[in-house]
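Q: 3D model of this:
(one chain, ligands or ions: 1)
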Amino acid sequence: MRILIYGGSFNPPHLGHIRSVQTAAAALRPDLTLLIPAAIPPHKHLAEGTPEAGHRLAMTALAAGEIPGCEASDMELARTGPSYTSDTLRILHERYPGAELIFLMGTDMLLTIETWHEPEVIMALASLAVFAREEGHEDEIAAQAEHLRERYGAVVYVLAGEPVKVSSTQVRALLPQRLGRGYLTGDVYGYIIRHRLYGAKPELAWLRERAYACLKPTRVEHVEGTEAMARALAERWGADPDDAAEAAILHDCTKKADRDGQLRICEKYGIIPDKWELENGELLHAKTGAAFAAAEFGAPGPIADAIRWHTTGRPDMTLLEQIVFLADAIEENRRPYPALEAIRKAAFRDLDAATELCARRTLAYVRERDLPLHPDTARTREYYLKKLEDRGAVPIPWDGP
Ligand code: ATP
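A: Sure thing, here's the model as predicted:
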């Protein structure tokens, strides 16, 4: 039996790791491949902001899922103290008597292996397999392999293949900039975004694809328009345009659900609908959308709140909340309604006046159709009216439909 063992921080596991394992598996044909995240790596510090061990194990398991015969093992995470490879190999040697253990590593690890704890034990218990992290490492690898063979009697397999030049450190730096997806498997990237590990923010193209899949096809245009308008308003008023876009992309993510569907989502996320929402299930998509966006896409508080208040508004909204509330109402694809043009113009001139008029128009619309009026809209209108009055500003003239 042949067991390929790959240890590392896997913080997070990236395509460089996967390429390495795939190349090794194709060349060495192991019966089992184990990816073993280290609890406390002896030769490097876990970077600040490293997620808890359970997350690294979960991501490693997702990465392992890409490779046939590959599993993630918690054997180092379950131990206390530094995760010495020699200890891991002793355990595996006992667990699989007679098996050939092959320890896979990249260039950096091969070059430093003599500084590891009990290198002679490692090379006695396991063969080494090395895959270059970058092109041009071949000579260094060949020389070190020769040295280890001579000094320790090590068996070293040098693997050939095209490396993926990336490190977890680079990926961690890219993720908060809405980049880095191309270095990760889809599952690992989705996991990172869902849990917002490493301060990650989603690439907007990726988010659109997933958010649009939750919409009725006829709603996509509206969401596209809301994103464009939210971005324009954010640029005008000094909010983060990408955060505004993210909230807009997600703002209607549960809108497709009918009343029963909304109530099921409420139950799932522990949302208690108020009496107006029970009367008019439409209203619920703001609350359910915020909960869904947070749970499925890791939307952080300010973005989830912008989704939460986009339908009724609320007094004293944050800038982002106000932007999404207005963008939803005035985006370019909206069917014309009375006051639309006035709100659109005001949104770029006086955000509070636009908000007051938008809420006033909703009140008129709801009254006209005899729909249940949610008091949050009335409160929003009162709040922004008073804010305008306090400033000595005049509300935008509009006499209703
Ligand atoms: P960090 O940037 O956090 O130091 P890393 O990218 O070096 O992380 P580790 O999880 O620490 O990744 O490495 C585990 C093993 O994977 C090591 O043997 C390392 O040499 C190897 N390795 C990492 N990146 C690559 C890569 N791009 N190609 C080949 N091997 C790699």
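
Q: C-alpha only now, for contacts and for neighbours.
A: Will do.

Q: what's the pLDDT at residue 319?
A: On pLDDT, residue 319 comes in at 98.

Q: now it, nearest residue through space, not along the chain?
A: Leaving aside its chain neighbours, residue 319 sits nearest to residue 239 (7.0 Å; criterion: CA to CA, 6 or more residues apart in numbering).

Q: return the backbone torsion pair for that neighbour.
A: The phi/psi pair for residue 239 (degrees, to the nearest 10) reads phi -90, psi 170.

Q: what's the neighbour count on it?
A: Residue 239: 17 surrounding residues under other CA atoms under 10 Å.

Q: likewise residue 110?
A: Neighbour number of residue 110 under other CA under 10 Å is 21.

Q: what's the end-to-end length of stretch 237-257?
A: Terminal residues of stretch 237-257 are spaced 33 Å apart (CA to CA, to the nearest Å).

Q: SS state for residue 54?
A: helix (DSSP: H, G, I helix; E, B strand; the rest coil).

Q: and the gap between the residue nearest to residue 319 and residue 231?
A: Separation of residue 239 from residue 231 (CA to CA) stands at 9 Å.

Q: what's the closest non-adjacent residue to residue 174?
A: Residue 174's closest residue in space is residue 180 (CA to CA, 6+ apart), at 5.1 Å.

Q: those residues of the stretch 151-300 of the chain touching the ligand, which are they?
A: 163-169 (CA under 6 Å from any ligand atom).

Q: ChimeraX command for the buried members of these?
A: Provided next is the ChimeraX selection string for whichever of these are buried by 16 or more other CA atoms under 10 Å:
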select :163,164,167,168
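
Q: which members of the residues of the stretch 151-300 of the chain next to the ligand are positioned in strands?
A: In strands, judged by DSSP state E, none of these are found.

Q: count of neighbours near the residue of the stretch 301-401 of the chain found nearest the ligand?
A: Residue of the stretch 301-401 of the chain nearest the ligand, by CA to the nearest ligand atom: residue 301 (28.2 Å). Counted with other CA under 10 Å, the neighbours of residue 301 add up to 11.

Q: where do the strands sit along the stretch 51-200 of the chain?
A: Secondary structure of the stretch 51-200 of the chain (DSSP state E, counting those that start in this stretch): strands at 70-72, 100-106, 126-131, 156-159.

Q: am I right that residue 36 sits in a helix?
A: No. Counting by three-state DSSP, residue 36 falls outside a helix, being strand.

Q: which ones are touching it?
A: For residue 36, the contact set (CA atoms under 8 Å, 6 or more residues apart in numbering) comprises 5-8, 72-76.

Q: between those residues, identify the one with the most neighbours.
A: Neighbour max across the contacts of residue 36 (other CA under 10 Å) = residue 5, 27 neighbours.

Q: what helix or strand does it sit in?
A: Residue 5 belongs to strand 2-8 when assigned by DSSP states H and E.

Q: next helix or strand past that strand?
A: Downstream of strand 2-8, the first helix or strand assigned by DSSP H and E is helix 15-28.

Q: pLDDT on that following helix, on average?
A: Averaging pLDDT along helix 15-28 yields 96.

Q: okay, now the domains of this structure?
A: The chain breaks down by automatic domain parsing into domains covering 2-187, 203-390.
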